[in-house]
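Q: quick one, structure for this:
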Amino acid sequence: MGILAALAALVGVLYSGVVGLWWTYDDFYAIHLLAVEPRFSYWLRSDAWSQTHMFTPLLLSSFELDSIVAGLVPRAFYVHQLLALVAASAALYLVLRLWLPRSWAAGAGVLFVLGAPMVNWVQEILVRHYTEGLVAALISVGLFTLGCRRGGAGFVVFSAVAYLIAMLAKEVYVPLVALLAILPEGSAQRRAAWLCRAHLPALAIYVVWRRWATGTLVGGYGWTVTLREIPELLAGLPAHIVRSWVGDSTAWDVLLVLAIVAAIVVGLWSRPRVLALTGFGILLTILPVLPVAKAFHLRYGGLPWLAACVGLSLGCWSLSLRGGRAAPFAARLLMSVAIVSAFAVNRDVWKTRQQTAERMSREETFFLGMDANELLRKPLAPPAAMKELRWYKENVLGHAAGAGWFADDFFACAGGIGGSRVWGWDARRKAVVDVTAQMREAAGAYCGSLRPAALSAEFEYRDGDLLWALGPYEAGQYSFILEDGVERFDVRRRDGYRNGSPRLNLRVRYESPDGWVTYSPELNLDLAVSKSLRWERRG
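A: Okay, here's the model as predicted:
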């Protein structure tokens, strides 16, 4: 109990600052959805799944239960975030105790809590399904292990139930059944029999359920991935994952990565079976990330980080069992270096991301009080989140309608500001301030600097995906501008978006490495019939 209490205390010390945040990122999407959908109807067919092709009913249930118990009070939701991470770290410790001594299992739990991806897991409420799904997945592993050791069918049945719950939380836990198949517990024949009787039926239930609810077996939204791009994405994926574990390339980052690699390789080199099992476990946590590798978010590194923590603890434990004094000392040193380095990295990542979350919270709460004919310049909240915030302000709170925002200063060039009052973020004062005068002065200089430079765009609508190729420049940043600057999305020169709309009005923005900027005229995409469009301007 002492170690479990220590893990809970560590979560509180590290992350209690989240309880002061307001709604951020996609929270209002869930609030809006739950306001218009019958209670718990998303367990069946729902517009939520038909639009995104995702199926995470447990996440919405968790969100809705919070709202039932505490109302729409963000503090209560963030407390739930902390409790979910406490539960995940406790489950990890208890499961590892099936194989490891107390100290090494506790080390893995501490290191897991300190991971940089955990900052994201606690700060974003709608990332909770990773944490709660992990609790169910770890319970499934523990019960399956006990079932194999004791020959109890009840353990295995409840393990399968926990596996189903994990998948309903987040589809990244689907590969768990492959890990269970190779666990070094009982005979291969017994494991196969248990899995065929319990876990594979649970997987079949999930697949049928998902297909019925979403209309597809796979899917989701996000950037398209072609067969040609897969080798490059696979090659770059390890770097993306490791980058999600570290901060801003400090010495602590290097020490952390070196400690993990050294513990796994040196500690498990003499145990090839355990080393192979560890490598397979890491691979299973990486594969679900491949479809979203183009836009790698911090949260995607969470499960690979978990696998690395387990691998490090196994390696340190194995190393500590070798003869002499040097090996046990080296094992303790590696674990200590990893924990201290992870703590330093965690605090660095926490500071940066907490500042971002606090700014987003303050901008959004400020927007609630804005009057008609007032504008918020370049808010951090994503465009879709700002639309949901406006719905919440006008339809739930009944506040004044007519306030707006813009993400790109072309909005001023297109005459969008007019006589409006403009507000913007002041980084020095950490507050939203009146920037009307500065904006009008800056807009004149910005609009006057725009060039009618060469620019081209090709669009194609294929199998529900919106594809594009922009040019003629290889370097620089391309963006799509919607509603003359209300929304802005930075994009790659050649890419595509899954489940994109065939009808869209947009401008193409290009910023060169030298700093000059050019825009296309508004392009009216109606690809439902023609399927493709090409536009070009010669410089």
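Q: wait, His53 touches Arg211, no?
A: No: under the criterion of C-beta atoms under 8 Å, His53 is not in contact with Arg211, lying 10.9 Å apart. For every residue, glycine as well, the C-beta is placed using N, CA and C.
Q: which of those two has more residues huddled nearby?
A: His53 (18 against 13; other C-beta atoms under 10 Å).
Q: that one and Glu171, how far apart?
A: His53 sits 11 Å away from Glu171, going by C-beta to C-beta, to the nearest Å.
Q: so where's the stretch 401-539 of the chain uncertain?
A: Along the stretch 401-539 of the chain, segments meeting pLDDT under 70 span 499-500.
Q: how about the strands of this structure, start to end?
A: 222-223, 374-377, 404-406, 421-426, 431-434, 455-462, 465-471, 477-482, 487-491, 494-498, 503-511, 517-519, 523-526, 532-537 (DSSP state E).
Q: how about those in JSON lines, adding mean neighbour count and distance to Glu124?
A: Putting the strands of the chain into JSON lines (neighbours: other C-beta atoms under 10 Å; distance: least, C-beta to C-beta, whole Å) gives the following:
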{"stretch": "strand 222-223", "mean neighbour count": "16", "distance to Glu124": "16"}
{"stretch": "strand 374-377", "mean neighbour count": "22", "distance to Glu124": "21"}
{"stretch": "strand 404-406", "mean neighbour count": "23", "distance to Glu124": "21"}
{"stretch": "strand 421-426", "mean neighbour count": "18", "distance to Glu124": "20"}
{"stretch": "strand 431-434", "mean neighbour count": "15", "distance to Glu124": "22"}
{"stretch": "strand 455-462", "mean neighbour count": "19", "distance to Glu124": "32"}
{"stretch": "strand 465-471", "mean neighbour count": "19", "distance to Glu124": "26"}
{"stretch": "strand 477-482", "mean neighbour count": "20", "distance to Glu124": "24"}
{"stretch": "strand 487-491", "mean neighbour count": "17", "distance to Glu124": "20"}
{"stretch": "strand 494-498", "mean neighbour count": "18", "distance to Glu124": "22"}
{"stretch": "strand 503-511", "mean neighbour count": "19", "distance to Glu124": "28"}
{"stretch": "strand 517-519", "mean neighbour count": "20", "distance to Glu124": "32"}
{"stretch": "strand 523-526", "mean neighbour count": "14", "distance to Glu124": "32"}
{"stretch": "strand 532-537", "mean neighbour count": "13", "distance to Glu124": "36"}
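Q: can you say which of those is nearest to Ile282?
A: Among the strands of the chain, strand 222-223 comes nearest to Ile282, with 23.2 Å by C-beta to C-beta.
Q: okay, now the sheet partners of the closest one, with direction.
A: strand 494-498 (antiparallel) (DSSP bridges).
Q: the strand it pairs with vs strand 477-482, what angle?
A: 40 degrees (axes from the mean of the first three to the mean of the last three C-alpha atoms, to 10 degrees).
Q: how distant is stretch 283-303 from the center of its chain?
A: Remark: stretch 283-303 is offset 9 Å from the chain centroid, using C-alpha atoms, centre = their mean, to the nearest Å.
Q: for stretch 90-97, that is, sorry about that
A: Averaging C-alpha positions (C-alpha atoms, centre = their mean) puts stretch 90-97 24 Å from its chain's average.
Q: what's the mean pLDDT across it?
A: Averaged across stretch 90-97, pLDDT comes to 97.
Q: do stretch 22-36 as well
A: Averaged across stretch 22-36, pLDDT comes to 89.
Q: go on, stretch 265-276?
A: Across stretch 265-276, pLDDT averages out at 86.
Q: need the contact partners of it.
A: The contact list for stretch 265-276 (C-beta atoms under 8 Å, 6 or more residues apart in numbering) reads 184, 264, 278, 311, 314-319, 322, 330-331, 334.
Q: could you rerun that using 10 Å?
A: Contacts of stretch 265-276 with the rest of the structure, by C-beta atoms under 10 Å, 6 or more residues apart in numbering, involve 99, 182, 184, 264, 277-279, 311-322, 327, 330-331, 334.
Q: start to end distance for that stretch?
A: In stretch 265-276, first residue to last residue: 11 Å (C-alpha to C-alpha, to the nearest Å).
Q: show me which of the contacts of stretch 265-276 are buried.
A: Buried by 16 or more other C-beta atoms under 10 Å: 99, 264, 277-278, 311-320, 327, 330-331, 334, out of these.
Q: from those residues, which land in helices?
A: Secondary structure assignment by DSSP state H places 264, 277-278, 311-320, 327, 330-331, 334 of the buried ones among the contacts of stretch 265-276 in helices.
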